[in-house]
Structure formats: C-alpha cells, structure tokens
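In: give me the fold of what follows.
(2 chains)
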There are 2 protein chains.
Amino acid sequence: MKLAHSIKPDWIAVDWGTSNLRAFAMTEDGSTLAEVSSDKGMSSLKPNDFEPTLRALLQDWETPSPCTVIACGMVGSRQGWLEAPYRATPCMAQTATPIRVQNCGDDLQVWLIPGIKQNDPADVMRGEETQIAGFLSLNSDWDGVICLPGTHSKWVHVSAGEIISFRTFMTGELFDVISKGTVLRHSLDHTDMDTSAFDAAASETLSRPEKFSGNLFSLRAADLLNGQTSAVARAKLSGALIGMELAASKPYWLGQRVAVIGTNNLSDLYQRALNQQSVTIERCDTAAVTRAGLCTAYAAI
Amino acid sequence: MKLAHSIKPDWIAVDWGTSNLRAFAMTEDGSTLAEVSSDKGMSSLKPNDFEPTLRALLQDWETPSPCTVIACGMVGSRQGWLEAPYRATPCMAQTATPIRVQNCGDDLQVWLIPGIKQNDPADVMRGEETQIAGFLSLNSDWDGVICLPGTHSKWVHVSAGEIISFRTFMTGELFDVISKGTVLRHSLDHTDMDTSAFDAAASETLSRPEKFSGNLFSLRAADLLNGQTSAVARAKLSGALIGMELAASKPYWLGQRVAVIGTNNLSDLYQRALNQQSVTIERCDTAAVTRAGLCTAYAAI
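Out: Next comes the predicted model:
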C-alpha cells in the first residue's frame, strides 16, 4: 500500500451496504491500490447524505476529474441514494448496466448496480448479484449453486451464465435477535463455539426440522439445570439455524456443485454442515469477488 | 367489586411473573374480592425489592395480621425473591408444598410455589404448574394434554393426576423479536391479522417445517415487490411460528384430548390451527385457573 496522498486511482469501486461502506481505489487494469471503509451504511443516511459521505471518504486520494464511481448494494434501494430498479429472474449473471446518479457535481460520475428480484417465490437481492458476476468472471463457464451466507443468506442457481432462481434465508439475523433479544441471551454470553455440538445440531435439524422450535428453549433449560456452557449453547443455536437453512435449501445443494462466498468463520460452519451431507464446497473470498464484480460493471459502462 | 378501602381479604393470591405482578384479595372459600396489578415483574426487581413492592401493592386493602400470601411464577426463581427448588417430572400435578420466605416482618407470611423441571429433554416451568393444578381442581379426573400458549408456550402431558412430561416452545418470544428486531419490522407495522393467510401458513409449516426459514424473508420481498399488506404478513409469521410449534409438539396433541389455557386472542389462533388438523380443544381462562391453583396451594399449607 502507498501513502494515502500518493494514491492515484483511475476509478473507484464501492460496496455500500445497509450497515457499512467500503471504497476501493482501482486502476484501469483492475488492480486495487488502496481501500477505505466506514460505518456510514445506507440505513444511517438520508438521500442527501450520500454524496458528501462519499466525497469525505475519498478525500485523501488523488482522484481523476471527472471521477467514475461504481457502487453496488443497498445504496441502490428505494431507501438509498437512488433506486436502481430490479431485474427479474431468470436473467444474465453479468451485472446489468448501472444506473447513473444525475444530481452529482460534474467531477463525480456515480453509477449504481441494479439488484435482482424473483416474482415467485417473492425474493430480492442487492449486492450479491455483483459478487456472483465477479465470481463468474474469475471462474468462467462455472455452473452450479452459489451460497452467500450472512445476515440474509442467499442460495443462487447459476447455469450457462444465467441466474435461474434464488432463495434468501434470514439465518444471520435470526441468530442475532435470538442470541441478543430473548431469554437465551443469559445462556449465550461468550463467543466460543463447540464444533462437535454444532455438527450434531446442524445434522439433527437438517433431518428433523420440526425439532427446531422445541430445541431452542432447551438451550436455556440445559444451562439452568445442568450448567451447559455458552460455547455449547451458541454452537447448538448456530447449528440449528444453519441446519434449518440447509433443510430449506436442499433442492439447491443436493447433487450440485456448490461454491460458498463468505467470511472465513461462516464459510467454515457451512463447510462443516455440508460436508456431513457429503457435499464438498469451493470457497472464495467475499471482498475479492465483490471487487471483480464491480470491475465487470466498470468495463460495461 | 367493593371500594378498595373496604376490601377485607382472608389471604392474598399472587401471580408474579417476569414482566408483571398481579394480586388477588381472596376469601377462605376461594372467592375473589378484588384484584390489583403492576408492571413490577421479577426482571425489574432486586431481591430486596420484592417485600416493599408487595406491601405497596396491597396497601389499600384491609389485610389480616399476619397476612398469608401465596405466590407463583418467576418470583420463585434464582433471580427472584427466593429460589423455590424445582420438582422433577414425573410428579403429582397438585402443586408442591410452597416454600416460606423467612425474612419478612411478622405481619406477612409469604409462600412461593416451586416450579417443575424435566431432565431429558431439559425443560423448566414456573407458574404454569399452578395453572395446571388449578385446571385439574376445576376438571377432576381430567387426562390429556394441556397447551399453555404464550411467550414460552408449554405442552404438558397429564395422566392420572400426574405431569408425565412437557415441552416449551419460544413461539411468542420469537414472534416478538422477529417482528420488532429484524428487517421484517418494515412489513409488519400494523396489528391486524388476515385469518385465511394464518390458516394457510400454519398448515404449510406444520406439514413442511423445513420451509419455515425460507418463508420468512419472502414476507419482506412480497411487500417490496407486490405490496403485500401487513395484515397478511403478520398472519403468515404467526401461522409459521405456531405451525412450527405444532409440528414439534405433534407427539403431544395427536389423538389426544387437548385443553388450551391462554388469552382469547392466542386461544383463537391455536384453535384455528388445531381444528385444521381435526383436533378439537377445550378452552379455559388463564386468570381463573391461576387463582384456582393458588387456592389449592393455600389449602395445602
């Protein structure tokens, strides 16, 4: 990395989600010179806040004038900077032509990548479409199923360069509200996780999803009665939630080639749970595929 | 009801839960002269707060001296006034001998009713054991399964005057954190509920519990894409959660005589969902069975 004041990007790639904002100083050939991030996610901003927030984030770099910015994520939602309308499945896995934000100063040319919707079952994505396009640009002619675990995990069926269908599961958000907002919080106060308890819970819930609901309160009772540790309880909750997701997404992963795009910690858990079902996975780094996807969109404008 | 200053109870019955406190002015023959409630539940109190809170609540009544108080609920938990140790299943459905609180003044004789624990699967109840004892005192020789829907719904197998086993489901608490703490809150902003959407969601989730996880995010997407109303979304969330509970508790209710002890609104929903499975239910009022259970404990000291 160079010192900030000597960073001279050709253009800027931006991943602007609900809670976070990350910008990359890019060259024409797709290299990353530097990156900078902030907690100014979409949910903390009003429409008029986006431009000054972006300008402040980029102020230490010597950006060209005009400066091209390609952004993906919730920045393009109805509550974001400007709504970039959804495409509908089935659609090309390449990102659609980005939507130009019209009201910036002449020195800033901002483009937002549209999300994807599915009419039946109703579903939406914003940001993941860019990661999928990036993954496919790095893995040409790849057919199979891509899992993007997280707050709202996605399972996406990709074939012959098209997104055929996808489903979203609120696994990460459920873990968050259950572990922080219910009586279980008293039994989940450490962040350690017992992997064998995770394996057992994921496997049981996948094969017997109806047990999910009753097994939750047992996490509290086993602490009260038997002093079950937080590491075991957290692992059982995580395993039960991921097991539920895998039970529901089984039509996606069963017998398919599966790639997981996520953080190391989450990818480890999905790998453990899927390996138990004799599914091997290809792993790849979220930031790398996000940048690759933003590069494909830059090349297309 | 008489004016407060002319209320002369023989003893006091108290239902003291996590969030609320309710006291009843009782006569020797089990009649209720008056009731008073407050939001000073167990979770808002430290051990030394319980006695002054109770005295303040009773101050308008002409209580005898000494005054006998019988209390059930979380007041008897480890975080409560004094721990009234659990009995273990299987056990008599009559409430156990209450535990005397020793450190009150001479004019106050407070007794706490012990909860019930189950070692495998680990489970606990505090308060519901008193409602069950009250229900059986009003329905002698009743055998079957009692459902107590709520924040932590219970299903309890009762046979020949014994509690054989029970399971707890966090249905009400899950509805609360999912509807208030996740992205679904934007799509669940009214309290109306569409009953046919409830019926369909309960039935689908009961028969296909693995669909639970994927159907949650669809509530948000159907709002974004199709303007699905909050009344439909709330009904689907409620139906999915109650359907999950019924899928897990099927070994309890299938082919059994079922009584539901709960509020009218909740009992209506459980009745709808169970009727669809050709299960008829007997309904009874929570406050009435709670008081009846406290009366049986008073008679036993």
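
In: nearest spatial neighbour of residue A:118, skipping sequence neighbours?
Out: Closest residue to residue A:118 in three dimensions, ignoring its sequence neighbours and counting by C-beta to C-beta, 6 or more residues apart in numbering or on different chains: residue A:89, at 4.5 Å. In this view, the C-beta of every residue, glycine as well, is placed from N, C-alpha and C.

In: verify the stated contact: that neighbour with residue A:116.
Out: Yes - using C-beta atoms under 8 Å, residue A:89 is in contact with residue A:116, at 6.2 Å.

In: which neighbours do those two share?
Out: With contacts defined as C-beta atoms under 8 Å, 6 or more residues apart in numbering or on different chains, the residues shared by residue A:89 and residue A:116 are A:163, A:166.

In: got the domain ranges for chain A?
Out: Domains of chain A are assigned by automatic domain parsing as A:4-126, A:169-284.

In: right, so those: which one is the most enclosed?
Out: Of all the domains of chain A, domain A:169-284 carries the top mean neighbour count, a mean of 19, counting by mean count of other C-beta atoms under 10 Å in any protein chain shown.

In: what is the distance between that one and the centre of its chain?
Out: Mean-position distance between domain A:169-284 and its chain equals 18 Å (C-alpha atoms, centre = their mean, to the nearest Å).

In: and it, end to end?
Out: 20 Å (C-alpha to C-alpha, to the nearest Å).

In: who are the packing partners of the host helix or strand of residue A:57?
Out: In this structure, residue A:57 sits in helix A:50-58 according to DSSP states H and E. Applying 3 or more C-beta pairs under 8 Å, 6 or more residues apart in numbering or on different chains; DSSP states H and E, one finds that helix A:50-58 contacts strand A:21-26, strand A:32-38, strand A:108-112.

In: and that helix, average pLDDT?
Out: Per-region confidence: helix A:50-58 scores 96 on mean pLDDT.

In: now stretch A:217-230
Out: Mean pLDDT, stretch A:217-230: 96.

In: ok, that stretch near chain B or not?
Out: Yes - Stretch A:217-230 reaches chain B (C-beta under 8 Å from any C-beta of the partner chain) through A:217-218, A:220-222, A:224-226, A:228.

In: what residues does that stretch touch?
Out: With contacts defined as C-beta under 8 Å, 6+ apart, stretch A:217-230 is touched by A:183-184, A:186-190, A:192, A:194, A:233, A:236-237, B:78, B:86, B:117-119, B:121-124, B:152, B:167-170.

In: on that earlier part again, ok now the next helix or strand after the helix holding residue A:57, how far from the chain's centre?
Out: Moving toward the C-terminus from helix A:50-58, the next helix or strand (DSSP H and E) is strand A:67-72. Relative to its chain's centre, strand A:67-72 lies at 19 Å (C-alpha atoms, centre = their mean).

In: who does strand A:67-72 touch, helix- and strand-wise?
Out: Using 3+ C-beta pairs under 8 Å, 6+ apart, strand A:67-72 sits against strand A:11-16, strand A:108-112, helix A:286-300.

In: just tell me which of the ones you listed ends up closest to residue A:259.
Out: helix A:286-300 (9.5 Å; C-beta to C-beta).

In: orientation of that closest one relative to strand A:32-38 in degrees?
Out: Relative orientation of helix A:286-300 versus strand A:32-38 (axes from the mean of the first three to the mean of the last three C-alpha atoms, to 10 degrees): 110 degrees.

In: get me the contact residues on the stretch 51-200 of chain A for chain B.
Out: Proximity of the stretch 51-200 of chain A to chain B, by C-beta under 8 Å from any C-beta, involves residues A:78, A:86, A:117-119, A:121-124, A:152, A:167-171, A:173-174, A:176-178, A:181-184.

In: contacting residues for residue A:122?
Out: Residue A:122 neighbours (C-beta under 8 Å, 6+ apart): B:218, B:221-222, B:224-226, B:228.

In: go with 10 Å
Out: Applying C-beta atoms under 10 Å, 6 or more residues apart in numbering or on different chains to residue A:122 gives the contacts A:168, B:217-226, B:228.

In: for the one helix or strand residue A:204 maps to, packing partners?
Out: If you go by DSSP H and E, residue A:204 is part of helix A:195-207. On a contact count with 3 or more C-beta pairs under 10 Å, 6 or more residues apart in numbering or on different chains; DSSP states H and E, helix A:195-207 meets helix A:212-226, helix A:230-248, helix A:264-275.

In: try 6 Å this time
Out: helix A:230-248 (3 or more C-beta pairs under 6 Å, 6 or more residues apart in numbering or on different chains; DSSP states H and E).

In: and after the helix it packs on, which helix or strand comes next?
Out: Next helix or strand after helix A:230-248 toward the C-terminus (DSSP H and E): helix A:250-253.

In: distance from the centroid: which residue in chain A tops it?
Out: Of all residues in chain A, residue A:225 has its C-alpha farthest from the mean position, at 38.2 Å, by C-alpha atoms, centre = their mean.

In: that older thread, take the helices and strands packed on strand A:67-72 and write them to TSV, including mean pLDDT and distance to residue A:279.
Out: Below are those laid out as TSV (pLDDT from 0 to 100; distance: least, C-beta to C-beta, whole Å):
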stretch	mean pLDDT	distance to residue A:279
strand A:11-16	98	28
strand A:108-112	97	35
helix A:286-300	95	20
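
In: closest one to residue B:35 among those?
Out: For these, the distance to residue B:35 is smallest for strand A:11-16, at 55.2 Å, taking C-beta to C-beta.

In: which helices and strands sit right next to the closest one?
Out: By 3+ C-beta pairs under 6 Å, 6+ apart, strand A:11-16 packs against strand A:21-26, strand A:67-72, helix A:286-300.

In: out of those, nearest to residue A:157?
Out: Between residue A:157 and the helices and strands packed on strand A:11-16, the shortest gap by C-beta to C-beta is with helix A:286-300, which sits at 17.2 Å.

In: so what touches that closest one?
Out: Residues from elsewhere that reach helix A:286-300 (C-beta atoms under 6 Å, 6 or more residues apart in numbering or on different chains): A:11, A:13, A:15, A:24, A:30, A:70, A:95, A:98, A:113, A:130-131, A:133-135, A:137-138, A:261.

In: check the offset of that helix from the chain's centre.
Out: Offset of helix A:286-300 from its chain centre (C-alpha atoms, centre = their mean): 14 Å.

In: and it, what's buried?
Out: Judged by neighbour count using 16 or more other C-beta atoms under 10 Å in any protein chain shown, the buried positions of helix A:286-300 are A:286-287, A:289-298.

In: relative to helix A:264-275, how tilted is that helix?
Out: Note on geometry: by the same axes, to 10 degrees, helix A:286-300 and helix A:264-275 are set 100 degrees apart in direction.

In: alpha carbons only: can I get helix A:286-300 in PDB?
Out: Extracted in PDB, the C-alpha atoms of helix A:286-300 (Å, rounded to 0.1, in the frame of the first residue of the first chain):
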ATOM      1  CA  THR A 286     -16.100 -12.000  -0.500                       C
ATOM      2  CA  ALA A 287     -14.000  -8.900  -1.000                       C
ATOM      3  CA  ALA A 288     -12.200 -10.400  -4.000                       C
ATOM      4  CA  VAL A 289     -15.400 -11.400  -5.800                       C
ATOM      5  CA  THR A 290     -17.100  -8.100  -4.900                       C
ATOM      6  CA  ARG A 291     -14.200  -6.100  -6.500                       C
ATOM      7  CA  ALA A 292     -14.200  -8.400  -9.500                       C
ATOM      8  CA  GLY A 293     -17.900  -7.800 -10.000                       C
ATOM      9  CA  LEU A 294     -17.500  -4.100  -9.700                       C
ATOM     10  CA  CYS A 295     -14.700  -4.300 -12.400                       C
ATOM     11  CA  THR A 296     -17.000  -6.100 -14.800                       C
ATOM     12  CA  ALA A 297     -19.600  -3.400 -14.300                       C
ATOM     13  CA  TYR A 298     -17.000  -0.700 -14.900                       C
ATOM     14  CA  ALA A 299     -15.900  -2.300 -18.100                       C
ATOM     15  CA  ALA A 300     -19.500  -2.300 -19.300                       C
END
